[in-house]
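[1] got a sequence here, can you model it:
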Amino acid sequence: MAEQGVRIGLSAVVITLRQGRACALTTTADDGACALPFGPFDPARDRTFELALRAFVTAQTGFRLGFVEQLYTFGDLGRDSPRATPGPDRHREISVGYLALTGDAGAPSAEARWTPVLDVFPWEDRRDGAPACHAELVRRLEVWTGDDPRRQSRVETLFATAPDARWNEGRVLERYELLYEAGLVAEAARDQDRAPSDVAPGVAMTSDHRRILATGLGRLRSKLRYRPVLFDLMPPAFTLSELQAAAEAVAGLSVHKQNFRRGVERTGLVEPTGRLSSATGGRPAELFRVVPGDLHSGEALGLPLPALR
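    Numbering: from 1, shown residues only. The predicted model follows:
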């Protein structure tokens, strides 16, 4: 019997801010679905994963990546086509995901676009309280849990339905996996050859790209508190209100204004530019910039996110 081959692909979660929304760079897959930039790694041609990633992202989207970090390796059996049974002539698909952040939200090529990440995961947007889809999703999840205490505990913890439960904004992937297991996202119906649920919120994506994007968003949200990654999404000069709005757009939660500003000042990561912004539409606001230094040295701390609700 022929030995099953392994094919390595590279996928990119590229996140920026556009018009106050956190957006991911997306393309269109061969099946017409929304997709992350993705390409094969050729061991005979490509010197490193990262160089190959940079080359095909630019080729597919016209966008040049800045700082990137490896996210995760996705190698579940059948991840490229969960319905298919791998045989001797099939390749095993492995994807190495990368996370990239940019403050340059310029227009990509005609084949690519910036897709708001909270359109993909609408249940993750709690800036104004629980979103419109939350109540129905929880109701369907409770039906799915039945009398299973393990399922009940997962729903209570991940969707903060218990009286003492707190919403953890970093557990994006776990919430998506729970909804997938319960059959409440479009990909679950697709992979099981059945009609989609009448409750399947959010933009569906090809293959397991929504799972990869959930991993990237969860990683970014978790890093906000202990690394200054938010500044990678900011322009060279910004107001503190714009910085707070950026934090809220990524975290999907509201932040206490005065406590946030006091926390930013305590970090020592920003300094005033001596200029004012008139783009606020009201009283001119002071512009700040990042204090010169290496934000990726591991020494700089993240920003506080006080009084999240």
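[2] any idea of the mean pLDDT for the longest helix that the chain contains?
    Ranked by residue count, the top helix of the chain under DSSP state H comes out as helix 209-223. Throughout helix 209-223, pLDDT has a mean value of 95.
[3] same check, this time on stretch 145-158
    So the average pLDDT for stretch 145-158 ends up being 96.
[4] same for the longest helix of the chain, what does it pack against?
    The contact analysis (3 or more C-beta pairs under 8 Å, 6 or more residues apart in numbering; DSSP states H and E) places helix 209-223 against strand 5-18, strand 21-28, strand 68-74, strand 91-101, helix 117-120, helix 172-181, helix 240-251. In short, each C-beta sits where N, CA and C put it, glycine included.
[5] mind redoing it with 7 Å?
    If you count contacts as 3 or more C-beta pairs under 7 Å, 6 or more residues apart in numbering; DSSP states H and E, helix 209-223 packs onto strand 5-18, strand 68-74, strand 91-101, helix 117-120, helix 172-181, helix 240-251.
[6] let's have those in JSON lines, adding distance to residue 55, mean pLDDT and mean neighbour count.
    Below are the helices and strands packed on helix 209-223 laid out as JSON lines (distance: least, C-beta to C-beta, whole Å; pLDDT from 0 to 100; neighbours: other C-beta atoms under 10 Å):
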{"stretch": "strand 5-18", "distance to residue 55": "10", "mean pLDDT": "89", "mean neighbour count": "20"}
{"stretch": "strand 68-74", "distance to residue 55": "13", "mean pLDDT": "87", "mean neighbour count": "16"}
{"stretch": "strand 91-101", "distance to residue 55": "13", "mean pLDDT": "84", "mean neighbour count": "21"}
{"stretch": "helix 117-120", "distance to residue 55": "25", "mean pLDDT": "98", "mean neighbour count": "22"}
{"stretch": "helix 172-181", "distance to residue 55": "28", "mean pLDDT": "96", "mean neighbour count": "20"}
{"stretch": "helix 240-251", "distance to residue 55": "28", "mean pLDDT": "94", "mean neighbour count": "20"}
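[7] list the contacts of the residue lying closest to residue 50 once chain neighbours are set aside.
    Closest residue in space to residue 50, ignoring its immediate chain neighbours: residue 68 at 6.4 Å, by C-beta to C-beta, 6 or more residues apart in numbering. By C-beta atoms under 7 Å, 6 or more residues apart in numbering, the contact set of residue 68 is 50, 98, 99, 100.
[8] surely the first one is in a strand?
    No. The secondary structure assignment for residue 50 gives helix rather than a strand, going by DSSP: H, G, I helix; E, B strand; the rest coil.
[9] pull the number of nearby residues for residue 237.
    Residue 237: 14 surrounding residues under other C-beta atoms under 10 Å.
[10] so it touches residue 271, yeah?
    No. Shown here, residue 237 and residue 271 do not form a contact pair, counting by C-beta atoms under 7 Å, at 10.8 Å.
[11] what is in contact with these two at once?
    residue 289.
[12] from the contacts of residue 68, which is closest to residue 127?
    The shortest approach to residue 127 among those belongs to residue 99, at 22.3 Å (C-beta to C-beta).
[13] farthest pair within the contacts of residue 68?
    Maximum pairwise distance in the contacts of residue 68, criterion C-beta to C-beta, is 12.0 Å, between 50 and 99.
[14] report the contact partners of the most centrally placed residue in the chain.
    Centroid-nearest residue in the chain: residue 217, 2.4 Å away (criterion: C-alpha atoms, centre = their mean). Contacts for residue 217 (C-beta under 7 Å, 6+ apart) come out as 117, 121, 172.
[15] roughly how far apart are it and residue 121?
    Distance, residue 217 to residue 121, by C-beta to C-beta, to the nearest Å: 7 Å.
[16] common neighbours of the two, please.
    Shared contacts of residue 217 and residue 121, defined by C-beta under 7 Å, 6+ apart, are found at residue 172.
[17] one step back: now do the longest helix of the chain against strand 68-74, angle only.
    For helix 209-223 against strand 68-74, the angle by axes from the mean of the first three to the mean of the last three C-alpha atoms, to 10 degrees is 130 degrees.
[18] tabulate the CA atom coordinates of helix 209-223 in PDB.
    What follows is helix 209-223 as a C-alpha-only set of coordinates in PDB (Å, rounded to 0.1, in the frame of the first residue of the first chain):
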ATOM      1  CA  HIS A 209     -10.200  28.700   8.800                       C
ATOM      2  CA  ARG A 210     -12.700  30.000  11.300                       C
ATOM      3  CA  ARG A 211     -11.100  27.800  13.900                       C
ATOM      4  CA  ILE A 212      -7.700  29.200  12.900                       C
ATOM      5  CA  LEU A 213      -9.000  32.800  13.100                       C
ATOM      6  CA  ALA A 214     -10.600  32.000  16.500                       C
ATOM      7  CA  THR A 215      -7.200  30.900  17.700                       C
ATOM      8  CA  GLY A 216      -5.600  34.100  16.500                       C
ATOM      9  CA  LEU A 217      -8.200  36.400  18.100                       C
ATOM     10  CA  GLY A 218      -8.000  34.500  21.300                       C
ATOM     11  CA  ARG A 219      -4.200  34.800  21.400                       C
ATOM     12  CA  LEU A 220      -4.400  38.500  20.700                       C
ATOM     13  CA  ARG A 221      -7.000  39.100  23.400                       C
ATOM     14  CA  SER A 222      -5.000  37.200  25.900                       C
ATOM     15  CA  LYS A 223      -1.800  39.100  25.100                       C
END
